[in-house]
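In: can you look at this prediction? I've put the sequence above it.
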Amino acid sequence: MQYKDILVFLDSGDSNESRVETAIALASAHDARLVGIAYDIDVPRHIASIIPGFSLEQQRTASRLMSQNMVDQFLKRTEQAGISSDATIMKCRVSRAPGKLAAFARNFDLSVLRQAHRGAQQSELDSAVSEAVLVSSGRPVLYIPYVGAQVIPPKQALIAWDCSRTSTRAIHDALPLLEMVDNAVVLISDADPKMVEKMTRRCQVMVDHLQRHGIKAEIQFASSEGSDTASTILNSLVDTGSDLLVMGGFGTSRFREQILGGVTKTILEIMTVPVFMSN
């Protein structure tokens, strides 16, 4: 299996370069086309009119030039790398950006996004786009930490497994990446002691399936021991030396995760390695 059409989201942040380099390495490994997308956010005229000293035309010009510069730099770098590429600028209002970008991502095998950074400009928009692409595009997402990371090919993968539909979907969507690793650990966290034997049997079937794809995999159990599941997964990343996490996204309703918090939300907030998610 291979990814033949990859989408990478461009921005002016410090992590843009490493994210683009990761996407280029992935496209090169799979002989894929890489498309860069930058969004040109349009401020509605009625909002601009109530902000003292705000020049709508200056803002629009600056946004347009910034987006064009990102696209130009992306195309220059992909030409240097010798891969097939294209780029586009999507002009849209803030309220419509997440939905429009998610719809565009449906046309690709994989989307590469950055982790939203709370302290960064447009962090709320970044978070909304990240969630919309994962939930509404119907396609998998590879999130790159905002601190940057270049790990293509990855060496060690941690797979968060709970026998659910979303985790199963994530594993199969990630097969082209998993086939690149030296080893994969299938993590089962906080299994009911009465269910360990049953979970092991189920998990072994998945491990056997991965091995038929040439992926060396093993099972590992972990207990949160009072901490939350997300922390257990992140600690296991460190313990196993993994440089890639594969997991299902939003296994419960988005509303419930927004109100109560959830594994997906927590992982995306404090991730330290690239995270591959499917919903």
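Out: Right, received. Where do you want to start? Bear in mind that the values here come from a model prediction, so they are computed numbers and not experimental data. Numbering: from 1, shown residues only.
In: which stretches of this structure form strands?
Out: In chain order, the chain shows strands spanning 5-9, 33-42, 85-93, 110-114, 141-144, 156-160, 183-189, 217-222, 244-248, 275-278, with DSSP state E as the criterion.
In: a markdown table for those strands, including mean pLDDT, mean neighbour count and distance to Ile233?
Out: C-betas here are computed from N, CA, C, even on glycine. Listed next are the strands of the chain as a markdown table, based on pLDDT from 0 to 100; neighbours: other Cβ atoms under 10 Å; distance: least, Cβ to Cβ, whole Å:
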| stretch | mean pLDDT | mean neighbour count | distance to Ile233 |
| --- | --- | --- | --- |
| strand 5-9 | 98 | 23 | 24 |
| strand 33-42 | 91 | 21 | 29 |
| strand 85-93 | 93 | 16 | 33 |
| strand 110-114 | 96 | 25 | 19 |
| strand 141-144 | 96 | 26 | 14 |
| strand 156-160 | 96 | 26 | 5 |
| strand 183-189 | 91 | 21 | 7 |
| strand 217-222 | 92 | 17 | 8 |
| strand 244-248 | 95 | 26 | 7 |
| strand 275-278 | 96 | 24 | 10 |
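In: give the contact list for Val20.
Out: Taking Cβ atoms under 8 Å, 6 or more residues apart in numbering as the definition of contact, the neighbours of Val20 are Val8, Leu10, Gly36, Phe74, Arg77.
In: can you check Ile83 too?
Out: Ile24, Ala27, Ser28, Ala32, Arg33, Leu34.
In: for those residues, which one is nearest Val205?
Out: If you rank the contacts of Ile83 by distance to Val205 using Cβ to Cβ, Ala32 comes first, at 30.4 Å.
In: can you count the residues close to the closest one?
Out: A count of nearby residues for Ala32, using other Cβ atoms under 10 Å, gives 22.
In: now do the phi/psi pair for it.
Out: For Ala32, the backbone dihedrals are phi -110, psi 160 (criterion: degrees, to the nearest 10).
In: thinking it is in contact with Val8, fair?
Out: No. Applying Cβ atoms under 8 Å, one finds Ala32 not in contact with Val8, separated by 11.0 Å.
In: gap between the two ends of stretch 91-104?
Out: The first and final residues of stretch 91-104 sit 13 Å from each other (Cα to Cα, to the nearest Å).
In: quick one on the thing from earlier: can you list the strands of the chain in JSON lines and add distance to Met66?
Out: Rendered in JSON lines, the data for those read as follows (distance: least, Cβ to Cβ, whole Å):
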{"stretch": "strand 5-9", "distance to Met66": "14"}
{"stretch": "strand 33-42", "distance to Met66": "8"}
{"stretch": "strand 85-93", "distance to Met66": "10"}
{"stretch": "strand 110-114", "distance to Met66": "16"}
{"stretch": "strand 141-144", "distance to Met66": "20"}
{"stretch": "strand 156-160", "distance to Met66": "35"}
{"stretch": "strand 183-189", "distance to Met66": "39"}
{"stretch": "strand 217-222", "distance to Met66": "43"}
{"stretch": "strand 244-248", "distance to Met66": "31"}
{"stretch": "strand 275-278", "distance to Met66": "27"}
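In: hang on, Val147 packs against Ser15?
Out: Yes. Using Cβ under 8 Å as the test, Val147 is close enough to Ser15 to be in contact (6.7 Å).
In: settle it for me: which of those two has more neighbours?
Out: Each of Val147 and Ser15 had its neighbours counted (other Cβ under 10 Å), and the higher figure belongs to Ser15 (19 against 13).
In: mind listing what that one touches?
Out: The neighbourhood of Ser15, defined by Cβ under 8 Å, 6+ apart, consists of Arg114, Gln115, Ile144, Pro145, Tyr146, Val147, Gly148.
In: show me where this protein has helices.
Out: Taking DSSP state H, the helices of the chain run over residues 16-30, 45-48, 56-81, 97-105, 123-136, 165-173, 175-178, 196-212, 229-240, 254-260, 263-270.
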